[in-house]
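>>> Got a sequence here, can you model it:
(one chain, ligands or ions: 4)
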Amino acid sequence: MPLFDKQFYTDSVLENIELHSPLSVSIQAESPLGRKLIYSIVKGNDFEEFALDFNTGVIYVVDELDYEQKQQYELTIRATDGVFPVYAEVLVSILVQDVNDCPPEFTQDAYNISVSEAAPFGTSVLKVISRDNDTGINQNVRYEIQTDSSNSSEYFHIDPEDGSIYLKRSLDHELHDSHHFTVVAIDGGVPSLSSTAHVWVTVLDMNDNPPKFEQPSYTCFLSEHAQRGQFVTLVTASDPDYVDHERLVYTIVGGNEQQTFSIDHTTGIISLINMQNFAERSTSLLNVSVTDGVYTSFTRVKIEILPANRNNPVFPQPQIEVKVVENQPHGTFVTQVTAHDKDFLSYGDVRYSIPSELLRETFEIDKRTGVIVTKKKLDCEAQKLYEIPVMATDGGGRSGFIIVRVKVADENDNPPKFLLREYKA
Ligand SMILES: [Ca+2]
Ligand SMILES: [Ca+2]
Ligand SMILES: [Ca+2]
Ligand SMILES: [Ca+2]
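Ligands and ions are numbered 1, 2, ... in the order given. Down below sits the predicted model:
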């Protein structure tokens, strides 16, 4: 009967061994009769990963081994006498050794998460998990964030040991409404293997900004003829927070004591609603607010009333009478007339004139002050009385009149005495 040189054999082989490589184990049996022996595998090679040289007993690996599938083989090798049907068997234990041939694998290729911009730094937002089918250091995984163009690594930090992702700083929906980065899992093999997964972060909007008026102040004009319900102006505010876009509320908070104006709370349209006393002042100044429910901002709305020319200039009396001593030099003061006009601006701005060409040869009026002076010496003997029509005209062409009666006094008399005598008579 053949006799093996060992009671059993062991060998180990890397799982990535090249096909048709021999194992290092040397199996030897001898025939006591010195006859030639033939080797064969009789058991443990169901899938024919191994082949045996029947002459030499050298075992070859002929199909791929995979530590992750099968870590050990027990082959039964038979040595048979070439002449007589006698044989002996021995066990060969083949241990498959792990090599780092499995990359870590994430449980998901992509992670989609939503994080509120109100979440403070340090918040844990996600935990990525990977598996590595190797053993030992070949399956020890560490995690990293791959730096990418959008600088997401400024915002996120990953625990290299357990894959937890934290906020390094709080997010800002208004700045970036989403982030994307890749995480990489790297095993400890030499050389190492790695794989990546995408992380998509949607930044949820919160109300963290105040609304702002498009203009710090508004000026608009409204005719004095305006009617009830008439559009006055529109104020508009914007809010960087998307969640507030439909939420802004406008209010008049000052300058509207008589409730002359109203504002539409949602559109910001200001209209005229109370006609009572509305044109009393030429300017109204409203303080208008806008709020998103938390933050409030203000603007000023100046409403200028454009006047209508409703009134004539009016003199206090229809006529006045004055006396001027004869023979005074030209330029002598005669009198000053004043007319009033209730309208605003140019419609209330009065100019004076003497419409009579004939009288303008003798008298002159300052068109602004209403001061009348003589243009030449008066002669009591030639004309004792002048009746000067004076016209006051406003910027809209409306006018009023006064008659200025000028009595010419005799210079031979002492004027004060003359007056006294006149009163007595
Ligand atoms: Ca591995
Ligand atoms: Ca492996
Ligand atoms: Ca807001
Ligand atoms: Ca926001």
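
>>> Show the pLDDT at whichever residue of the stretch 251-400 of the chain sits closest to ligand 4.
With CB to the ion, the shortest gap between the stretch 251-400 of the chain and ligand 4 falls at D292, namely 10.1 Å. C-betas here are computed from N, CA, C, even on glycine. Looking at D292, its pLDDT is 96.

>>> Which residue, other than its chain neighbours, is closest to H245?
Among residues not flanking H245 along the chain, D239 sits closest, at 6.5 Å (CB to CB, 6 or more residues apart in numbering).

>>> and the residue in the stretch 301-425 of the chain that ligand 1 sits nearest to, bridged to which residues?
Nearest residue of the stretch 301-425 of the chain to ligand 1 (CB to the ion) works out as V301 at 70.5 Å. Note on V301: beta-bridge partners Y218, L286, judged by DSSP bridges.

>>> Report the contact partners of the residue nearest to H245.
Shown in contact with D239 (CB atoms under 8 Å, 6 or more residues apart in numbering): N209, P210, P211, K212, H245, R247, L248, D292.

>>> Low-confidence ranges, this protein, go.
148-149, 413-425 (pLDDT under 70).

>>> how about 80 then?
Applying pLDDT under 80 to the chain flags residues 147-153, 277-281, 307-308, 344-345, 411-425.

>>> Show me how it divides into domains.
Each domain of the chain is listed here as a residue range: 3-97, 105-204, 212-306, 319-424, per automatic domain parsing.

>>> Let's have these in a markdown table, adding distance to N312.
As requested, these are exported to a markdown table (distance: least, CB to CB, whole Å):
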| stretch | distance to N312 |
| --- | --- |
| domain 3-97 | 109 |
| domain 105-204 | 60 |
| domain 212-306 | 16 |
| domain 319-424 | 5 |
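
>>> P313 is nearest to which of those domains?
Ranking these by proximity to P313 (CB to CB) places domain 319-424 first, at 3.8 Å.

>>> Any idea how many residues pack against D11?
By the criterion of other CB atoms under 10 Å, D11 has 16 neighbours.

>>> Could you check how far the residue of the stretch 301-425 of the chain closest to ligand 1 is from ligand 3?
Distance, V301 to ligand 3, using CB to the ion, to the nearest Å: 22 Å.

>>> Repeat that for G163.
From G163 over to ligand 3 (counting by CB to the ion), the distance is 35 Å.

>>> Distance of the closest residue to that residue other than its chain neighbours relative to G397?
Distance criterion CB to CB, 6+ apart; nearest residue to G163, sequence neighbours excluded, is V128 at 4.3 Å. From V128 across to G397, the span is 85 Å (CB to CB, to the nearest Å).

>>> Which residue of these two possesses the greater neighbour count?
V128 (19 against 8).

>>> Now the residue in the stretch 151-300 of the chain that ligand 2 sits nearest to. Nearest residue, chain neighbours left out?
Going by CB to the ion, ligand 2 is nearest to G189 of the stretch 151-300 of the chain, at 8.5 Å. In space, and not counting its chain neighbours, G189 is closest to N100: 2.6 Å by CB to CB, 6+ apart.

>>> L91 and N45, how far apart?
With CB to CB as the criterion, L91 and N45 are 13 Å apart.

>>> how many other residues sit next to the residue of the stretch 151-300 of the chain closest to ligand 2?
For G189, the count of nearby residues is 21 (other CB under 10 Å).

>>> That one reaches D134, doesn't it?
Yes - counting by CB atoms under 8 Å, G189 does reach D134; the two are 6.7 Å apart.

>>> Check the contact lists of these two and give me the overlap.
V99, N100.

>>> which residues of the stretch 51-200 of the chain fall in strands?
Assigned by DSSP state E, counting those that start in this stretch, the stretch 51-200 of the chain shows strands spanning 59-61, 72-81, 87-97, 105-106, 110-116, 124-127, 130-131, 141-146, 156-158, 164-167, 178-187, 194-204.

>>> Correct me if wrong: L37 contacts Q28.
No - contact criterion CB under 8 Å: L37 and Q28 do not qualify, at 9.2 Å.

>>> who's more crowded, the two?
In this view L37 and Q28 are compared by other CB under 10 Å, and L37 has more residues nearby, 21 against 14.

>>> who's in contact with the residue nearest to the spatial centre of the chain?
Nearest residue to the geometric centre of the chain (CA atoms, centre = their mean): P240, 3.5 Å. P240 makes contact with E174, N209, according to CB under 8 Å, 6+ apart.

>>> try R131
Neighbour list for R131: P104, E105, T107 [criterion: CB under 8 Å, 6+ apart].

>>> try 6 Å
E105 (CB atoms under 6 Å, 6 or more residues apart in numbering).

>>> what is it paired to in the beta sheet?
Going by DSSP bridges, R131 forms beta bridges with E105.
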